[in-house]
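Engineer: Sequence below, structure please.
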Amino acid sequence: MTKYVLAIDQGTTSSRAIIFDKSGSIISTGQLEHEQIFPKAGWVEHDPKEIWDNTREAIGQALSKANITRHDIEAVGITNQRETAVVWDKNTGVPVYNAIVWQDTRTQPIVDRLAADGGVERFKAKVGLPLATYFSGTKIVWILENVEGARGKADAGDLLFGTTDSWVLWNLTGGIEGGVHATDVTNASRTMFMGLDTLEWDDEILAAFDVPKSMLPEIKSSSEVYGIASGHSLLREVPIAGILGDQQAATFGQAAFDQGEAKNTYGTGNFLIFNTGTEIVHSKNGLLTTVGYKLGDGPTHYALEGSIAVTGSLVQWMRDNLGMIKDAAEIEDLAKTVDDNGGAYFVPAFSGLFAPYWRSDARGALVGLTRYVNKGHIARAALEAIAYQTREVLDAVNADSGVPLTELKVDGGATANDLLMQFQADLIGVPVVRPVVAETTALGAAYAAGLAVGFWSGLDDLRANWQEDARWEPSMDKEESERLLRNWKKAVTKTLDWVDEDVR
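Structural biologist: As a prediction, this is how the structure comes out:
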């Protein structure tokens, strides 16, 4: 009987279940989008109950489409939007508040308060991260300080915190009836609470944030059996055996297992991860230091990461908020109606600027406008913004590592956009390469789970699965690409210092 691995991909805009065979090929997919909730400017929330309901339905869709049952599934892997914070009552299973999404900026006053003693890099030597609204630690603090009754319940040991991998795992393994409360090292490394060298929650940092340790999940490796799906699940008795945060999962799915290998994911945001092997490298150029993966009892692999907040979500914004396009895929055709950006540059600092700037005071700007500029130029400027931001992150990676990349492996929805991929290759001056299986995030979670149960025998099996689908070679004159980058950097300066005491 043919066996498979199922991956749950709990992302920013949807929850998916994807079934893979031994070759890493997709057998079937189930997917449901969830509501994006914007209560105030800068606030972004999800309904955790909707996420869990959609996850269960997506699993059912995937099994049904493949015409298989739980008996055909060897293991389940989970990957997730990493910094999005869920806090729930362990006795009732009910969230005390909506999930606060990684893009949310409401916690800036908490960041400022914590940074008053030691600056934004106060904990960076331990955790690899600057103080920023991006990470889940300040989101927990906000819930404890602003949700009625939350602090008392937390102090009594009745509340649990998790990123969405933990929320799905807990529910999948029984919830209030013995659900497993755990996460893996990659997700734990995005909270601001885990020591990179110890792989344990840091008591000193928890005290500074005033977060009870009892709320936090147990930290485990990225590939081991965490628990068994419970009796009321379509996957009952199937082991849950892999967890990786979405960007680390995509890196794993790209078979970038070794020092010096890298990938760039084009999703809601962009995330470039550079594998530094078993060495913890602290960035001097605005990058994050994070855990790449840890397989069972094996060594921990670390990475440098350049996180960009708004890329694919800029296209979504142009569709939903401006109505310039009806479908995200239409932006390429619109951009092709012009030969260049017409002098327009779009800096989508909707949530401030992430790497390499880390400026929470920035806000989006469209600059260089003249009467000549039309909607085709604006569409092109939006696509180019994705590539410019990636170039700046890649420059930081090259400076920190001292090892320039010779090619860039890419994945994510926007890699289907040939115009963007060609411009990306032109801008960075090295080939851009897309694999046959573009769903590398889910594939990475499947790989981690499959390794834990022996479905795949080792990393060589996974390397053999990787196949090139498309390659874009740089063709732009270097002088022209540098001129465009210079103008982009000028545009970035126009977004800074926007937020102050009375402008949020």
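Engineer: Check the residue nearest to residue 110 when sequence neighbours are not counted and give its pLDDT.
Structural biologist: Leaving aside its sequence neighbours, residue 110 sits nearest to residue 138 (CB to CB, 6 or more residues apart in numbering; 4.6 Å). Any C-beta I mention is one placed from the backbone N, CA and C, and that applies to glycine too. Confidence at residue 138, expressed as pLDDT, is 97.
Engineer: Just to check, residue 243 is in contact with residue 180?
Structural biologist: No. Contact criterion CB atoms under 8 Å: residue 243 and residue 180 do not qualify, at 10.8 Å.
Engineer: out of the two, which sits in the busier spot?
Structural biologist: residue 243 (33 against 19; other CB atoms under 10 Å).
Engineer: Tell me if the residue nearest to residue 110 really is in a helix.
Structural biologist: Yes. Counting by DSSP: H, G, I helix; E, B strand; the rest coil, residue 138 is part of a helix.
Engineer: what residues do residue 243 and residue 180 have in common as contacts?
Structural biologist: Both residue 243 and residue 180 are in contact with 169, 226, where contact means CB atoms under 8 Å, 6 or more residues apart in numbering.
Engineer: just to revisit the earlier point, contact partners for the residue nearest to residue 110?
Structural biologist: 107, 110-111, 114, 131, 192, 209 are the contacts of residue 138 under CB under 8 Å, 6+ apart.
Engineer: again, 10 Å this time
Structural biologist: 83, 85, 100, 104, 106-111, 113-114, 131-132, 191-192, 209, 211 (CB atoms under 10 Å, 6 or more residues apart in numbering).
Engineer: Helix or strand next in line after the longest helix anywhere in the chain, which one?
Structural biologist: Determined from DSSP state H, the single longest helix within the chain is helix 375-401. Of the helices and strands lying after helix 375-401 in sequence (DSSP states H and E), the nearest is strand 408-411.
Engineer: in the next helix or strand along the chain from that following strand, what's buried?
Structural biologist: Note on strand 408-411: by DSSP H and E, the next helix or strand toward the C-terminus is helix 418-428. Buried residues in helix 418-428, counted by 16 or more other CB atoms under 10 Å: 419-428.
Engineer: ok, now stretch 318-338?
Structural biologist: Within stretch 318-338, judged by 16+ other CB under 10 Å, the buried ones are 318-319, 324-325, 328, 331-332, 334-335, 338.
Engineer: Nearest to residue 147, out of those residues: which one, please.
Structural biologist: Nearest to residue 147 among the buried residues of stretch 318-338, counting by CB to CB, is residue 319 at 32.9 Å.
Engineer: Now the residue lying closest to the closest one once chain neighbours are set aside. Its backbone dihedrals?
Structural biologist: In space, residue 319 comes closest to residue 325 once its chain neighbours are excluded; the distance is 5.0 Å by CB to CB, 6+ apart. In terms of degrees, to the nearest 10, the main-chain angles of residue 325 are phi -140, psi 160.
Engineer: Kindly provide the distance from residue 325 to residue 332.
Structural biologist: Using CB to CB, to the nearest Å, residue 325 is found at 10 Å from residue 332.
Engineer: residues shared between the contacts of those two?
Structural biologist: Contacts common to residue 325 and residue 332, judged by CB under 10 Å, 6+ apart, are 315, 379.
Engineer: gap between residue 107 and residue 126?
Structural biologist: Note on residue 107: its distance to residue 126, by CB to CB, is 20 Å.
Engineer: Looking at those two, which is more packed in?
Structural biologist: residue 107 (28 against 17).
Engineer: OK, contacts around residue 368?
Structural biologist: 341-346, 377, 381, 487, 490-491, 494.
Engineer: Which of those residues fall in strands?
Structural biologist: In this view, those that belong to strands under DSSP state E are 345-346.
Engineer: of all the contacts of residue 368, which comes closest to residue 70?
Structural biologist: residue 346 (46.8 Å).
Engineer: Pull the number of nearby residues for the closest one.
Structural biologist: Counted with other CB under 10 Å, residue 346 comes out at 25.
Engineer: Please shift the residue numbers so they start at 56 in all later answers.
Structural biologist: With 56 as the first residue, the last one maps to residue 401.
Engineer: Leaving out chain neighbours, which residue sits closest to it?
Structural biologist: residue 436 (4.1 Å).
Engineer: average pLDDT for the helix or strand harbouring residue 320?
Structural biologist: Using DSSP H and E, residue 320 sits in strand 317-321. For strand 317-321, mean pLDDT rounds to 89.
Engineer: Run the chain-centre distance for it.
Structural biologist: Distance of strand 317-321 from the chain centroid (CA atoms, centre = their mean, to the nearest Å) equals 11 Å.
Engineer: what secondary structure does the residue nearest to residue 120 when sequence neighbours are not counted sit in?
Structural biologist: Counting by CB to CB, 6+ apart, residue 120 lies nearest to residue 83, which is 3.9 Å off, once chain neighbours are set aside. The local conformation at residue 83, judged by three-state DSSP, is strand.
Engineer: Kindly state the beta-bridge partners for residue 83.
Structural biologist: residue 74 (DSSP bridges).
Engineer: May I ask you to confirm that it is in contact with residue 128?
Structural biologist: No. Using CB atoms under 10 Å, residue 83 makes no contact with residue 128, being 11.7 Å away.
Engineer: Looking at those two, which is more packed in?
Structural biologist: residue 128 (24 against 18).
Engineer: Go ahead and confirm the more buried one touches residue 63.
Structural biologist: No. Judged on CB under 10 Å, residue 128 makes no contact with residue 63 at a distance of 11.5 Å.
Engineer: anything in contact with each of these two?
Structural biologist: 114, 117, 290, 504.
Engineer: Compare those residues and tell me which is most surrounded.
Structural biologist: residue 504 (34 neighbours).
Engineer: any chance you could map the helices in the stretch 106-255 of the chain?
Structural biologist: All helices of the stretch 106-255 of the chain, identified by DSSP state H, counting those that start in this stretch, fall at 163-170, 179-182, 191-201, 205-210, 219-227, 240-243.
Engineer: Relative to residue 406, which of these is closest?
Structural biologist: Comparing those by CB to CB, helix 163-170 comes nearest, at 10.5 Å.
Engineer: what pLDDT does residue 454 get?
Structural biologist: pLDDT for residue 454: 89.
Engineer: likewise the one 10 residues further on?
Structural biologist: Looking at residue 464, its pLDDT reads 91.
Engineer: In contact with it, which residues are there?
Structural biologist: 305-306, 309-311, 316-320, 486-490, 495, 521, 523.
Engineer: Quick one, which of those are buried?
Structural biologist: 305-306, 309-311, 316-320, 487-490, 495, 521.
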